[in-house]
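> Predicted model and sequence below, questions to follow.
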Amino acid sequence: MLASWMLAQSDYPIPMTNLTLGHYLFVAAAMFAIGLIGFLTRRNLIIMFLCTELMFQAAGIALVAFSRYHLNHTGETFVIFVLTVAAAEAAMALALVVLLFRRRESLSAEEWGQMKG
Amino acid sequence: MIGPVILYTLLALGAVGVCMALPRRGVSPQIIGAVIAAAAGGLVIVALSLKAAPAIPNVYFYIFSVISLGAALRVITHPRPVYAALYFILTVLSTAGMFVILGAEFLAFALIIVYAGAILITYLFVIMLATQAPTGGDTEILPEYDAVSREPIAATLAGFVLLGVLTTLMFRGLPNLPPPGKPPEETLIVRMPGKVETALRNAGLMKAGEKLDRNEQTGAPAIDLAAGVVRIVDKDGVPRAIERKDWPAGMKPANIEGVGFSLLADHPGAIEIAGVILLMAMLGAVVLARKQVELDEEAKARHAAKLSAETEGV
């Protein structure tokens, strides 16, 4: 049998305290920051897009945590739309990356430095 | 919630760790950096839990958060793109675990199917398609843009300043949040007479000839939440009420039913727009993928130089 403290907050209709919500929000913020750092430092186009997915993921955690706190399904519905946008973005971005790779045979973001205004 | 001194010290420690863990040439203290960053992140969560003492989250939260943040760190620090993508799958799986703890089962499985199953496989395909063939017999050599990160110190600083601002504002705002509302479950069952009827029949509370009583004018089922009764009639029209304390557990709407009502009844316009976005993405990807491109001049010259170097070497 699992001890009750192990299952604290897991029973769905039991309200969640705002301190518990803080844990989830910190994880979401930390994951967003990691994604941002990755986007800024990595030079491989594919990894840069992977880091944007990491940031989408972080937003998803925050939305679901708030939806659990308010006992309301709207946050979860929004994550479905985030998922949709992420899928569309991945399809377009990766098609572009393949085109760029065919042209220069390199995935480096700096190859396309002259495109900056 | 956490004292600002402790919080900012730990965040600075985390920044140092992440900065050390980013890939670079030569002696790279990746493991030490990862350990420092993990320790800092872990200590922030522990400090939060000490403040929250009686209301700490489920123990699985700690497991999943450690796995997801560690894997996320590895996504941005692993020099090889394939491994980065695989670590991202690990992040997605542990995030799905967190969603299960939060009572969002439908999303947890949707995340695994859509992210880990579809999006990440697309990434892996593109990584395999768009990788330079190793020159010579040396497969261990990494391209320069994978092995060296750009401006690690400035970027880490920017990321952790953002994290510091976010956490400060969050912890300041959390105590002022409105208290959680009532669960939507109760109001949802009024919209699901079929489910109520099935649940009552399965629990043996409704006999073969009986059916849910309905309002004669509107046809609405007689599920009275205020009074806490469900009214049923038998085949002779004799009414009978089932009280809230007898309601079977099967009458409680599941998470997927709540999400379904929210998605299709409350946000029908948004789902249409999502469909249009997906259609446009599909068309765009098809158009882009059909386009013929040639190597531009610079790359052609590089290619020729590489070929001649190889033939000279033979």
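Everything's here; your move. Owing to the predicted nature of the structure, the values given are computational and were not obtained by experimental measurement.
> Let me know the secondary structure of the residue in chain A that chain B sits nearest to.
Of all residues in chain A, A:Gly38 sits closest to chain B, at 3.1 Å by C-beta to the nearest C-beta. Where C-beta positions appear, they are placed from N, C-alpha and C, glycine not excepted. Per DSSP: H, G, I helix; E, B strand; the rest coil, the local secondary structure of A:Gly38 is helix.
> Kindly list the longest helix within chain A.
Assignment by DSSP state H gives helix A:74-104 as the longest helix of chain A.
> buried ones in that helix?
The neighbour-count check on helix A:74-104 (16 or more other C-beta atoms under 10 Å in any protein chain shown) flags A:74-81, A:83-84, A:86-95, A:97-98, A:100-104 as buried.
> which SS class is the single nearest residue of the stretch 201-314 of chain B relative to chain A?
Residue of the stretch 201-314 of chain B nearest chain A, by C-beta to the nearest C-beta: B:Ala281 (3.5 Å). Using three-state DSSP, the structure places B:Ala281 in helix.
> how about the closest residue in space to it that isn't next to it in sequence, what does it touch?
Leaving aside its chain neighbours, B:Ala281 sits nearest to A:Ala88 (3.5 Å; criterion: C-beta to C-beta, 6 or more residues apart in numbering or on different chains). Contact analysis of A:Ala88 by C-beta atoms under 8 Å, 6 or more residues apart in numbering or on different chains lists B:Ile277, B:Leu278, B:Met280, B:Ala281.
> got a winner among the residues you listed for most neighbours?
Of the contacts of A:Ala88, B:Ala281 is surrounded by the most neighbours, 20 neighbours in total, counting by other C-beta atoms under 10 Å in any protein chain shown.
> got any ranges where chain A has weak pLDDT?
Along chain A, segments meeting pLDDT under 70 span A:1-13, A:117.
> run the last query once more with 80
Counting by pLDDT under 80, chain A shows low-confidence ranges at A:1-16, A:105, A:113-117.
> Tell me which residue in the stretch 1-150 of chain B sits closest to chain A.
Residue nearest to chain A within the stretch 1-150 of chain B: B:Ile76 (3.1 Å; C-beta to the nearest C-beta).
> okay, now the residue nearest to that residue when sequence neighbours are not counted: neighbour count?
Computed as C-beta to C-beta, 6+ apart, the closest residue to B:Ile76 that is not its neighbour in sequence is A:Gly38, at 3.1 Å. Residues contacting A:Gly38 under the criterion other C-beta under 10 Å number 27.
> Show me which positions of stretch B:221-235 end up buried.
So, applying 16+ other C-beta under 10 Å, buried residues of stretch B:221-235: B:Pro221, B:Ala222, B:Ile223, B:Val229, B:Val230, B:Arg231, B:Ile232, B:Val233.
> Relative to B:Ala227, how far out is the residue nearest to B:Ile76?
Per C-beta to C-beta, to the nearest Å, A:Gly38 is found 56 Å from B:Ala227.
> where do the strands sit along chain B?
Along chain B, the stretches classed as strands by DSSP state E are B:211-212, B:223-224, B:229-233, B:239-243.
> Let me have those in JSON lines, adding distance to B:Gly173 and mean pLDDT as columns.
Listed next are the strands of chain B as JSON lines, based on distance: least, C-beta to C-beta, whole Å; pLDDT from 0 to 100:
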{"stretch": "strand B:211-212", "distance to B:Gly173": "45", "mean pLDDT": "78"}
{"stretch": "strand B:223-224", "distance to B:Gly173": "38", "mean pLDDT": "76"}
{"stretch": "strand B:229-233", "distance to B:Gly173": "42", "mean pLDDT": "80"}
{"stretch": "strand B:239-243", "distance to B:Gly173": "42", "mean pLDDT": "79"}
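> Just name the shakiest helix or strand of chain B by mean pLDDT.
Least confident element among the helices and strands of chain B, by mean pLDDT, DSSP states H and E: helix B:185-189 (a mean of 73).
> thinking again about what came up before, go ahead and confirm the residue of the stretch 201-314 of chain B closest to chain A touches A:Ala95.
No. Assessed by C-beta atoms under 8 Å, B:Ala281 is found out of contact with A:Ala95, at 9.1 Å.
> Please export the C-alpha coordinates of stretch A:46-59 as CSV.
Coordinates of each C-alpha in stretch A:46-59 appear next as CSV, following Å, rounded to 0.1, in the frame of the first residue of the first chain:
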residue,chain,number,x,y,z
ILE,A,46,17.7,21.3,-36.1
ILE,A,47,18.8,21.6,-32.4
MET,A,48,17.5,25.2,-32.4
PHE,A,49,14.1,24.0,-33.4
LEU,A,50,14.3,21.2,-30.9
CYS,A,51,14.8,23.9,-28.2
THR,A,52,11.7,25.8,-29.3
GLU,A,53,9.8,22.5,-28.8
LEU,A,54,11.3,22.4,-25.3
MET,A,55,9.8,25.9,-24.7
PHE,A,56,6.4,24.7,-26.0
GLN,A,57,6.6,21.8,-23.5
ALA,A,58,7.3,24.2,-20.6
ALA,A,59,4.3,26.3,-21.5
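> Check whether that stretch comes near chain B.
Yes. Using C-beta under 8 Å from any C-beta of the partner chain, a contact is recorded between stretch A:46-59 and chain B, made by A:Ile46, A:Ile47, A:Phe49, A:Leu50, A:Cys51, A:Glu53, A:Leu54, A:Gln57.
> which ones among these are found in helices?
Members of the residues of stretch A:46-59 next to chain B lying in helices (criterion: DSSP H): A:Ile46, A:Ile47, A:Phe49, A:Leu50, A:Cys51, A:Glu53, A:Leu54, A:Gln57.
> Just give the number of residues close to B:Tyr62.
A count of nearby residues for B:Tyr62, using other C-beta under 10 Å, gives 16.
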